[in-house]
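Asks: I would like to see how this sequence folds:
(chains A, B, C and D)
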There are 2 protein chains.
Amino acid sequence: MARQRVTSHDVAKLAGVSQPTVSRVFAPNSRVSARLHDRVKDAASRLGYRPNTLARSLTTGRSGVIGIVLAGLSNPFYADALEKLSAALQAQGYRTLVFFSANHAAEVDGVVEDLIDHQVDGIVLASVSISNTLTERLKTSDLPFVLFNRGQIDASIPSITAQNTLGGRIAAHALAACGHRRIAHFSGWQQSLNGQERQAGFLQGLADLGLQPHSLTDCAYRPQQAAEAARHVFGPTAAERAPDAVFVGNDNMAFAVLDVLRYELGIDVPGDVSVIGFDDVPAAASPAYALTTVRQPTNRMVAATVSTLCAMIDGTQPLHTHIEIESTLIQRGSARLPKGWTVPLFAPLAPDLPSQERAKIDA
Amino acid sequence: MARQRVTSHDVAKLAGVSQPTVSRVFAPNSRVSARLHDRVKDAASRLGYRPNTLARSLTTGRSGVIGIVLAGLSNPFYADALEKLSAALQAQGYRTLVFFSANHAAEVDGVVEDLIDHQVDGIVLASVSISNTLTERLKTSDLPFVLFNRGQIDASIPSITAQNTLGGRIAAHALAACGHRRIAHFSGWQQSLNGQERQAGFLQGLADLGLQPHSLTDCAYRPQQAAEAARHVFGPTAAERAPDAVFVGNDNMAFAVLDVLRYELGIDVPGDVSVIGFDDVPAAASPAYALTTVRQPTNRMVAATVSTLCAMIDGTQPLHTHIEIESTLIQRGSARLPKGWTVPLFAPLAPDLPSQERAKIDA
DNA sequence: CCGGTTATTGAATACGCATTCAGCCTGTGG
DNA sequence: CCACAGGCTGAATGCGTATTCAATAACCGG
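Replies: Below is the predicted model of the structure:
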């Protein structure tokens, strides 16, 4: 391998200077006389020299790369988020090392260890399981990291999410405003705080209006499970007792539900049944789905994630450990909302459930 | 930064051995007595030692990371491909540094330089512009790289694609078999070989049957442009002269076309018009689209990419420089194919157009 | 024209690990 | 009991760059 043969020494020799001088020419905040600067630059370009990032990282202790770990890209929300995260980090001068990891705590732990071995300057954990031991390790290793779209009970862990609880509450009010009274919830993974909060908000919203949920089904963010739930709850055997509306834990599952409702069961949406999702993925805007949904503002979540992470890397303690970005309802065609209906102003929610309550849910 | 303080020296001191012994314990093919091995392992785990990948890479010259550069993830085909590529590379012991780069040659060049600076062991270029200078640089730098889903005239550059030409030809035959005679093509980017080949195959297929295309529109793989083309070609002003079928350069654009046809123009698909796409993205299987399309087998393309790249890294010259993975037609509901219709056996195509022809197209 | 700053520059060293090489120990056959 | 082969181990060194630190050169006002 004759690759990358030319080093700062070679350039130094050709330019008739010392190696540190070459190093300084390529470092941002170093003063070198204009004469030597030019000579070095000239020699460097003649030799095709480029600094070896690895060697630089070894001495500086900063690698300039951020690790991103996510469960997968089958949910377009994460494809979008990854692209935007990567772009935002690139704009800050960081490169991104991307790992995919199944939602098992053990595997995530291994991946994070691997990331640490690579001396990443920071980590973004996007919606994956995170074990307590890992949390501890991360906290004590003082390696900057932030949870993206993944809440955490421990308030000292920086995380960026949408207003999940509020979003669930909005969905409940919206479906009730359609005139529905038998409202089901195909929830996100109930082992994740996101899923818990959306469901809790949904129940809260129903309770605001003195309603009970028709049913709650944990679909674990898996479209297949959501489709199955739809067949079960709306299928012929359910008939009389079927709900007339459903709030689905995310858009990706909602698409599967719509497919089953419309094309397997012949149910008219929104004529017979209203459906509301969560995320506002690009496909939700397609007239083929026209999904009414609660938007997670990806851009703002990404911006908050990057700025939080950068602040941590720079040693600045982030002002807020947990940031919730505003959730809003996007009205489209899958829920028969009255013309001109708007989300009511809610009395502010208690910022947190009692901690024992939380601990119970978490366990 | 107290992070990653513990080095092999620390472990060596605690275990009462030399630093090289520690290094050997963590190297795969080194002989160390069982006694010292255990003592070192014990000391390492007590200190929480993990080898510094950067330092290791610096001495060995191999970083164990592969760079992947792609244009974006808005086309689910690439989201899927990225996830699978990353998984396959991870299985081979590689990590993935992911870059997004606009389809401008200059930006791609910069990104690749950046990748080289990071001492990546190989590069996967996924469907992005690649300048001639970059090609030369890559070839002379003897850094292993392969083009994924991106053909190249220069046969000495390893690339993995689907059978684009054949796929286009199949699409033409299929639409003709539906009884259509006024068949349009909303093509992929005609500056890319993929787009050129699909179109060339399409024209070839029509020519097989003595047909002429209704029209050819370069939509550059952008759904918005495809939607615009659909409005233009099928819109009210076109009326009489509108086509009765269209082959779209990829699924992502085909979805946009279907949306316009069905929901803007009220055209029945496949009743009035048949549509065939290319890729077989997951959403194509959704009944909301039920898109008949030419499948690019992502799994096989990924496998071929990874094995080619690994062979190059190991110094083995890959057997084939250009690999074309089989394309097949997936029949669904967007084209009214006769029951039981199957793709005819074609006389084998000339493997390549005459080189002048190619050069002309490329220019 | 000189003492004292300040701006540049080069020599030396460190970063953390892998590898070459020489020395050691053990074991074996003669 | 000796010579020798072979397996382990440690001292030394290198990977390519950044960062002290001391030395030199340039520069300023007095």
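Asks: just the helices in chain A please.
Replies: Using DSSP state H, the helices of chain A run over residues A:8-15, A:19-26, A:34-47, A:53-60, A:76-91, A:105-117, A:132-140, A:164-177, A:193-208, A:223-234, A:251-259, A:298-313, A:355-362.
Asks: Any chance of the ones you listed in TSV with mean neighbour count and distance to B:Asn132 as columns?
Replies: Where C-beta positions appear, they are placed from N, C-alpha and C, glycine not excepted. Below are these laid out as TSV (neighbours: other CB atoms under 10 Å in any protein chain shown; distance: least, CB to CB, whole Å):
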stretch	mean neighbour count	distance to B:Asn132
helix A:8-15	19	27
helix A:19-26	19	27
helix A:34-47	16	20
helix A:53-60	16	26
helix A:76-91	21	25
helix A:105-117	18	36
helix A:132-140	14	46
helix A:164-177	26	50
helix A:193-208	22	48
helix A:223-234	20	44
helix A:251-259	26	41
helix A:298-313	20	35
helix A:355-362	12	57
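Asks: so which of the ones you listed comes closest to B:Arg222?
Replies: Counting by CB to CB, B:Arg222 lies closest to helix A:76-91 out of these; the figure is 15.8 Å.
Asks: what's in contact with that closest one?
Replies: Outside helix A:76-91, the residues that touch it by CB atoms under 8 Å, 6 or more residues apart in numbering or on different chains are A:66, A:68, A:70-73, A:95-96, A:98, A:124, A:126-127, A:148-149, A:250-252, A:279, A:281-283, A:296, A:298-299, A:301-303, A:305-306, B:72-74, B:76, B:79, B:98-100.
Asks: Out of the helices of chain A, flag the one nearest B:Phe186.
Replies: Between B:Phe186 and the helices of chain A, the shortest gap by CB to CB is with helix A:76-91, which sits at 22.5 Å.
Asks: residues in the stretch 101-250 of chain A within reach of chain B, list them.
Replies: A:Glu113, A:Asp114, A:Ile116, A:Asp117, A:His118, A:Gln119, A:Ser141, A:Asp142, A:Leu143 (CB under 8 Å from any CB of the partner chain).
Asks: now with 10 Å?
Replies: By the rule CB under 10 Å from any CB of the partner chain, the part of the stretch 101-250 of chain A lying against chain B is A:101, A:111, A:113-121, A:137, A:140-144, A:223.
Asks: tell me, which of the residues you listed make contact with DNA strand C?
Replies: Among these, no residue lies close to DNA strand C (CB under 7 Å from any atom of the strand).
Asks: Show me the shaky parts of chain A.
Replies: Within chain A, the ranges that satisfy pLDDT under 70 run A:1-4, A:318-320, A:347-363.
Asks: can you map out the strands along the stretch 201-350 of chain A?
Replies: A:215-218, A:245-248, A:274-279, A:292-295, A:322-325, A:328-330 (DSSP state E, counting those that start in this stretch).
Asks: Comparing the ones you listed, which comes out most buried?
Replies: strand A:245-248 (a mean of 31; mean count of other CB atoms under 10 Å in any protein chain shown).
Asks: Listing partners with orientation, what would you give for that strand?
Replies: The sheet places strand A:245-248 alongside strand A:183-187 (parallel), strand A:274-279 (parallel), with pairing taken from DSSP bridges.
Asks: CA atoms only for that strand, dumped as CSV, please.
Replies: The C-alpha trace of strand A:245-248 is given here as CSV (Å, rounded to 0.1, in the frame of the first residue of the first chain):
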residue,chain,number,x,y,z
ALA,A,245,-61.4,6.2,15.6
VAL,A,246,-57.9,5.3,16.3
PHE,A,247,-54.8,7.2,17.4
VAL,A,248,-51.7,5.5,16.1
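Asks: Quick one: neighbours of A:Val32, just the number.
Replies: With neighbours defined by other CB atoms under 10 Å in any protein chain shown, the count for A:Val32 comes to 20.
Asks: where does it fall, phi/psi-wise?
Replies: The phi/psi pair for A:Val32 (degrees, to the nearest 10) reads phi -130, psi 140.
Asks: So it is in contact with A:Arg24, correct?
Replies: Yes: the pair A:Val32 / A:Arg24 is scored as a contact, 5.1 Å apart, by CB atoms under 10 Å.
Asks: list the residues that contact both of those two?
Replies: Taking CB atoms under 10 Å, 6 or more residues apart in numbering or on different chains as the contact rule, A:Val32 and A:Arg24 both touch A:Val17, A:Val40.
Asks: quick one: terminal-to-terminal distance for stretch A:84-97?
Replies: Stretch A:84-97 has an end-to-end distance of 14 Å (criterion: CA to CA, to the nearest Å).
Asks: How far does it sit from its chain's centre?
Replies: In this view, stretch A:84-97 has its centroid 15 Å away from the chain centroid, taken as CA atoms, centre = their mean, to the nearest Å.
Asks: who wins for proximity to B:Ala15 among the strands of the stretch 201-350 of chain A?
Replies: Among the strands of the stretch 201-350 of chain A, the nearest to B:Ala15 by CB to CB is strand A:322-325 (42.4 Å).
Asks: can you dump the C-alpha coordinates of the closest one into CSV?
Replies: This file holds the C-alpha atoms of strand A:322-325, laid out as CSV (Å, rounded to 0.1, in the frame of the first residue of the first chain):
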residue,chain,number,x,y,z
HIS,A,322,-34.4,17.9,28.6
ILE,A,323,-35.7,19.8,25.7
GLU,A,324,-39.2,19.3,24.3
ILE,A,325,-39.9,20.7,20.9
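Asks: And for that strand, what's in contact with it?
Replies: A:146-147, A:149, A:151-152, A:154-167, A:197, A:295-305, A:307-308, A:351-352.
Asks: hmm, try it at 6 Å
Replies: Here strand A:322-325 makes contact (CB atoms under 6 Å, 6 or more residues apart in numbering or on different chains) with A:Ser159, A:Ile160, A:Thr161, A:Ala162, A:Gln163, A:Pro297, A:Arg300, A:Met301, A:Ala304.
Asks: Good, we can wrap up now.
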